[in-house]
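Generate coordinates for the sequence data below:
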Amino acid sequence: MKTTVAVALSGGLDSAVAAALLKKKSYRVIGLYFQTGYELPPGDSTPPRPLSRIHTRAQMAAKQIGIPLEVLDCSQPFEREVVRYFIDTYRSGKTPNPCVVCNQCIKFGFILDRAMALGVSALATGHYARIRQEPNGRFCLLKGVDRAKDQSYFLARLSQKQLSRVLFPLGTYTKKQVREMAEAWGFGTFMDSESQELCFVRHPSYKDFLSSLAEVPPKPGPIVNTRGDIIGHHQGLHAYTVGQRRGIGIPGPEPYYVIRLDNKQNRLVIGSKSELAATECRVTDINWIETKVPDKPISVQTRIRYRHQEAASTLTPLGPSTATVRFSEAQYAITPGQAAVFYKGERVLGGGWIA
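Residues are numbered from 1 along each chain as shown. You can find the predicted model right below:
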């Protein structure tokens, strides 16, 4: 009897190729498309639960592969766990990472639970990462072989239970190989190569999305330098993030960067690039994947955002889920609210939130 696997079809090439690969390996495959409630542009209120372009692409992919497609309504948990988190984090003066939260709570939380209820053995996605079970029975999360596309950073908050029920068919392939397979299977004729990163922001930018909400109105305030001198005014802290250079609108002898969002006093603190550098940060709510909570400082490679090259650092535990990370060399734009993920070679040790 064939093993049954569900595949989260996003409407993009990667998830379609993941499903086709599993079908080729003789799995019985079920496609899952989940509705978030944000499939249509703002203001488009055609009949309830209309078919979006992305949904249509997922349907076409399922038909091309020859698998059934189930539609799941996850609009309520998505609004509660992802969108609310996104809004509240910006309101607190930090920069959210909704993809990390969505993977933990929605894709490998709500959707995984629904998939298990259908009687499948595992849920597969198009992530570029790998999972390996060790002799001791524990599961480890590894980088994808294509380092330029590796998405292990976004998966660092998955638990052992979640990892035990997940498959990443693309983890051993490069993006080039995936594109070639998609072309050979005829997927490229009806779908985009990439899924949209912030799937719920259908406005021109996340700033417009936040500004459109009555609960996040623009709140003007002072722009100050690192000495506290007022040198301008901003129209709302939600429009800025640490490390930002463009859009500040303050002339100076050298480019200004956002150094800090002072939410308490509603001040935007800006300065030179050198003032962005820091050698230490505190990380909270750490999820340890395959190691016990360390009882002494350990050497790790830490990635402080997705497009950041992980840096040599020493992690000093302050408790079960909190640690101080000291970098061997100064890092730029360490941003409160972003995920910090710890690596040992290609293995993900765990990850938490920069405080």
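
Run through the helices of the stretch 101-250 of the chain in chain order.
Across the stretch 101-250 of the chain, reading from the start of the chain, the helices by DSSP state H, counting those that start in this stretch fall at 112-117, 160-163, 175-184, 206-211.

So in that sheet, which strands flank the helix or strand where Thr279 lies, and in what orientation?
Element membership of Thr279, judged by DSSP states H and E, is strand 277-288. Strands adjacent to strand 277-288 in the sheet, as given by DSSP bridges, are strand 323-332 (antiparallel), strand 347-354 (antiparallel).

Next SSE downstream of it?
Scanning forward in sequence from strand 277-288 by DSSP H and E, the next helix or strand is strand 298-303.

What strands line up against that following strand, and which way round?
Here strand 298-303 is paired, per DSSP bridges, with strand 311-317 (antiparallel), strand 339-344 (antiparallel).

I'd like the mean pLDDT over that strand, please.
Model confidence over strand 298-303, given as mean pLDDT, is 97.

residues making contact with that strand?
Under the criterion Cβ atoms under 8 Å, 6 or more residues apart in numbering, residues 153, 309-315, 325, 327, 340-345, 349 lie in contact with strand 298-303. Yep, even glycine has a C-beta here, placed from its N, CA and C like the rest.

Drop anything exposed from those.
153, 310-311, 313-315, 325, 327, 340-343, 349 (16 or more other Cβ atoms under 10 Å).

closest to Phe78 among those?
Distances from Phe78 to the buried ones among the contacts of strand 298-303, taken as Cβ to Cβ, are shortest for Tyr153 (21.0 Å).

quick check: domain ranges of this protein?
Under the assignment automatic domain parsing, the domains of the chain span 4-184, 218-271, 277-354.

mind putting those domains in CSV, distance to Lys207 included?
Shown next, in CSV, are the domains of the chain (distance: least, Cβ to Cβ, whole Å):
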stretch, distance to Lys207
domain 4-184, 9
domain 218-271, 5
domain 277-354, 16
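
Find the residue at the geometric middle of the protein.
To find the centre residue of the chain, average its C-alpha atoms and take the closest one (Cα atoms, centre = their mean): that gives Cys99, at 2.5 Å.

Confirm for me that that residue is in contact with Phe154.
Yes: counting by Cβ atoms under 8 Å, Phe154 is a contact partner of Cys99 at 5.0 Å.

Number of residues surrounding the residue nearest to Tyr206 when sequence neighbours are not counted?
Leaving aside its chain neighbours, Tyr206 sits nearest to Leu198 (6.3 Å; criterion: Cβ to Cβ, 6 or more residues apart in numbering). Leu198: 17 surrounding residues under other Cβ atoms under 10 Å.
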